[in-house]
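Undergrad: Sequence plus the predicted model coming up.
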Amino acid sequence: MKVDMSWIDYSIMIIYFVFVLGIGWFLRKYMKNANAFLEAGRSIPAWVAGLAFISTNLGALEVMGMAGSGMKYGMLTTHFYWIGAIPAMIFLALFMMPFYYGSKARSVPEYLKLRYDEKTRALNAILFAVMTILASGISMYALAILLERILGWDFNLSLWVSAMIVLAYTYLGGLSSAIYNEVLQFFIIVIGLLPLVFLSLKDVGGWAGLKEGLAPIASSAGYAPDTFVTTWKYTAEASANPLGVEWFGILFGLGFVLSFGYWCTNFLIVQRAFAAESISAARKVPLIGALPKMFIPFLIIVPGIIAIVLMNDPGKGFTLPLDSAGKPVYDYTIIMLLKQYLPAGVLGLGITALLASFMSGMAGNVSAFNTVWTYDIYQSYIRKRTDNHEADDKHYLNVGRVATVVGVLLSIASAYIASKFGNIMDFLQTIFSMINAPLFAVIFLGMFWKRTTGHAAFTGLLLGFLVALTHHGLTAPVGANTLFKGGWLGVVHNYPVEMAQNFWTAIFAFTVAASVTVGLTLLTKQKKTEKELTGLVYSLTPRISDEHLPWHKRPAGLAVIVGVICIILSIIFW
Amino acid sequence: MVDIRYPIGLMFTILGVLVTIFGFATISDSGLYQKSLGINVNIIMGITMLIFGLFMLFMAMRKKKKA
């Protein structure tokens, strides 16, 4: 089961580490105040922030998980990209960024404070801070256990070394360092995984050979022969595709609620656009990110699909490690393919790509955590600004630095908790994922309906979350053997697969949050004046004029290009 | 601040040179490349990285000249 690495592989890895740390070291002298450290001084060019925007999301769990999902659901997994991420990124760029960036808010919770009130901010800031630490701990645990099982590295050593490298460069260079490194990491992830895609695809006889190899496997699973290489074709009925969801669930649950909830409200992602050098750069960030994002499925989902064929062909000698219940661990697909195809040299690149994906995700968590902690919790409730702004800035810079260290240490602690109680951590992560859908409802209504009140938003956020929790408690995927998967209040409905349960949880949460917010808004009085809401709400904010730019330099023009390519991809793989 | 294309360009140039040399040094080692279907992927990826690295450096320098 073990992969042997040679001196060349270790050399590649060490060169990467030197550059990652070097970037942090080089940037340290620019970190003179809190604004530079926590917001990158709002000076990042659009293309850099755009690549960082998707690189943060391309964490270890995404890379490992998407290949695993490719193995389970085939090309249907691309719905997470082509109907999920891309439309949401376009919407964020065109319609939400002007208010996020224009409001001068330094975080999503701070936008909630400006638009609504203190309690709405507090609720969101605290949930976000806890969720971020947990997420980073879980991915750290996933990486360390993978390195232990496949490379034979010591669990504690790889956990601490990788965490300390991330800590070093985020401590030295703050958000700028995280963003710059994310760009470097993006390229190493692409280049490291590229040979894997080509070699495995060549081995199964190219795309045509892959289709041919998948046909009998799909048929014996009770699906149409081409199910694994199509996206929309078999979504008329939930039972006709391995995702277990019909087109409406995909379109509304994944395409709208889950994706808009994630991409438009998750501060971890949006923070990259907040750091852009101008409002027009900020609007381009998600669009520039969307261009490479559309092609990521070929890098991390397609290898998973290829692995389906390899698994079913004894001649290839490809197997996945088994878990304690004897089921294959799908998330190990990428690393087992690395082991199968890559000789010394490019193997080092592939392993470095995995480490890079882990680091980009974790640095994202840490740099989002320290900002929310410093501005939304510490500055708001512990030590407010005084008249001496310069001394304050120094003080908050130090708080931000301490928060970076504490954030990393808390992540390490939660990684150890995950190693003891994996199920509970998964469960907590499922629960926290429920805050996004209601949050999107509340921010959306806040941006586009000036009447929306703070009391209504707060209640909508809370009730949406509680409904999601209740729905998870009352439903379970078929064959669930643990209450962590749902049904802990008694099962009233069974979903064919876990994914379907996730989609519907989000749909319920969003619908309830939106209805409650609208209903209560009509019953409560708006306390904010129109002047206070200027710049935060669509109808009260002057339009940004970009008429003087040629069409392809305007955000809307760029959005059209992104949209058209995405539609073409969807049609090719219909 | 610093142009990120310099470190990216420099890193990929170094990695490219290293992996290309390793690829040529192991060119007759058919055992090593059995895994990769007999293809010397090190030479291919090494040269790819080298070109990418030099391109990044070139873009960064061109911008500096203009400024």
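TA: Great, that's in hand. In this text, all values refer to a predicted model and were calculated from it rather than measured experimentally. Numbering: from 1, shown residues only, chains lettered A, B, ... in the order given.
Undergrad: hang on, isn't residue A:35 packed against residue A:393?
TA: Yes - under the contact definition of C-beta atoms under 8 Å, residue A:35 touches residue A:393, with a separation of 6.9 Å. All C-beta spots, glycine's among them, are computed from the backbone N, C-alpha and C.
Undergrad: Following the chain past the longest helix anywhere in chain A, name the next helix or strand.
TA: Looking across chain A with DSSP state H, the single longest helix is helix A:155-203. Next in sequence after helix A:155-203, counting helices and strands by DSSP states H and E, comes helix A:206-220.
Undergrad: helices or strands next to that next one in the packing?
TA: Contacts defined by 3 or more C-beta pairs under 8 Å, 6 or more residues apart in numbering or on different chains; DSSP states H and E place helix A:206-220 against helix A:302-311.
Undergrad: The helix it packs on to helix A:155-203, inter-axis angle?
TA: Following axes from the mean of the first three to the mean of the last three C-alpha atoms, to 10 degrees, one obtains 80 degrees for the angle between helix A:302-311 and helix A:155-203.
Undergrad: buried ones in whichever helix or strand comes after helix A:302-311?
TA: Beyond helix A:302-311 in the direction of the C-terminus, DSSP H and E gives the next helix or strand as helix A:333-341. Of all the residues in helix A:333-341, those buried under the rule 16 or more other C-beta atoms under 10 Å in any protein chain shown are A:333, A:334, A:335, A:336, A:337, A:338, A:339, A:340, A:341.
Undergrad: May I see the residues you listed organised as CSV, with pLDDT added?
TA: Converted to CSV, these look like this (pLDDT from 0 to 100):
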residue, pLDDT
A:333, 89
A:334, 90
A:335, 89
A:336, 89
A:337, 91
A:338, 90
A:339, 88
A:340, 89
A:341, 91
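Undergrad: Cross-check these against chain B and keep the overlap.
TA: Judged by C-beta under 8 Å from any C-beta of the partner chain, the overlap between the buried residues of helix A:333-341 and the neighbourhood of chain B comprises A:340, A:341.
Undergrad: could you dump the buried residues of helix A:333-341 to a markdown table with distance to residue A:30?
TA: Rendered in a markdown table, the data for the buried residues of helix A:333-341 read as follows (distance: C-beta to C-beta, whole Å):
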| residue | distance to residue A:30 |
| --- | --- |
| A:333 | 40 |
| A:334 | 36 |
| A:335 | 37 |
| A:336 | 42 |
| A:337 | 40 |
| A:338 | 37 |
| A:339 | 41 |
| A:340 | 44 |
| A:341 | 42 |
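Undergrad: any idea which of the buried residues of helix A:333-341 is the one closest to chain B?
TA: residue A:341 (5.8 Å; C-beta to the nearest C-beta).
Undergrad: Spit out the contact partners of the closest residue to the closest one other than its chain neighbours.
TA: By the measure of C-beta to C-beta, 6 or more residues apart in numbering or on different chains, the closest residue to residue A:341 outside its immediate chain neighbours is residue A:199, 4.3 Å from it. With contact taken as C-beta atoms under 8 Å, 6 or more residues apart in numbering or on different chains, residue A:199 is in contact with A:341, A:342, B:36, B:37, B:39, B:41.
Undergrad: Any figure for the gap between residue A:199 and residue B:20?
TA: When distance is defined by C-beta to C-beta, to the nearest Å, residue A:199 is 18 Å away from residue B:20.
Undergrad: go on, residue A:443?
TA: From residue A:443 over to residue B:20 the distance is 50 Å, taken as C-beta to C-beta.
Undergrad: Those two: which is more packed in?
TA: residue A:443 (26 against 20; other C-beta atoms under 10 Å in any protein chain shown).
Undergrad: tell me the secondary structure for that one?
TA: Classification of residue A:443 into helix, strand or coil gives helix, according to DSSP: H, G, I helix; E, B strand; the rest coil.
Undergrad: pretty sure it contacts residue A:114?
TA: No - counting by C-beta under 8 Å, residue A:114 is not a contact partner of residue A:443; they are 11.6 Å apart.
Undergrad: for the residue in chain A that chain B sits nearest to, what are its contacts?
TA: Closest residue of chain A to chain B, C-beta to the nearest C-beta: residue A:345 (4.0 Å). By C-beta under 8 Å, 6+ apart, the residues touching residue A:345 are A:8, A:9, A:12, B:19, B:22, B:23, B:26, B:41, B:42, B:45, B:46.
Undergrad: Give me the buried positions along the helix or strand harbouring the first one.
TA: Taking DSSP H and E as the criterion, residue A:8 maps to helix A:7-27. Taking 16+ other C-beta under 10 Å as the neighbour-count basis, helix A:7-27 is seen to contain the buried residues A:8-9, A:11-13, A:15-17, A:19-21, A:23-24, A:26-27.
Undergrad: repeat for stretch A:293-312
TA: Neighbour counts over stretch A:293-312 (16+ other C-beta under 10 Å) mark A:293-294, A:296-297, A:299-311 as buried.
Undergrad: Alpha carbons of the lowest-mean-pLDDT helix or strand in chain A, as CSV, please.
TA: Lowest by mean pLDDT, DSSP states H and E among the helices and strands of chain A is helix A:422-433, with a mean of 73. Provided in CSV are the C-alpha atoms of helix A:422-433 (Å, rounded to 0.1, in the frame of the first residue of the first chain):
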residue,chain,number,x,y,z
GLY,A,422,-14.5,11.5,13.3
ASN,A,423,-18.2,11.0,13.2
ILE,A,424,-18.9,13.9,15.6
MET,A,425,-16.7,16.2,13.5
ASP,A,426,-18.5,15.2,10.3
PHE,A,427,-21.8,15.9,12.0
LEU,A,428,-20.7,19.3,13.2
GLN,A,429,-19.5,20.2,9.7
THR,A,430,-22.9,19.1,8.3
ILE,A,431,-24.6,21.3,10.8
PHE,A,432,-22.4,24.3,10.1
SER,A,433,-22.9,23.9,6.4
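Undergrad: Identify the residues contacting that helix?
TA: The set of residues external to helix A:422-433 that reach it, using C-beta under 8 Å, 6+ apart, is A:127, A:130-131, A:134-135, A:137-138, A:141, A:414, A:417-418, A:469, A:472, A:482, A:484, A:502.
Undergrad: starting at the chain centroid, how far to it?
TA: 16 Å (C-alpha atoms, centre = their mean, to the nearest Å).
Undergrad: again, but for stretch A:104-121
TA: Stretch A:104-121 sits 22 Å away from the centroid of its parent chain (C-alpha atoms, centre = their mean).
Undergrad: which bits of chain B sit near chain A?
TA: If contacts are counted using C-beta under 8 Å from any C-beta, the residues of chain B sitting beside chain A are B:1-2, B:4, B:7-8, B:10-12, B:14-15, B:18-19, B:22-23, B:26, B:32-33, B:35-37, B:39, B:41-42, B:44-46, B:48-49, B:52.
Undergrad: again, only using 6 Å
TA: Residues of chain B found near chain A, taking C-beta under 6 Å from any C-beta of the partner chain as the criterion, are B:1, B:4, B:7-8, B:11, B:19, B:22, B:32-33, B:35-36, B:41-42, B:45.
Undergrad: before we move on, back to that, which of the contacts of helix A:422-433 sits closest to residue A:47?
TA: Proximity to residue A:47 was ranked across the contacts of helix A:422-433 by C-beta to C-beta; first place goes to residue A:135, at 26.7 Å.
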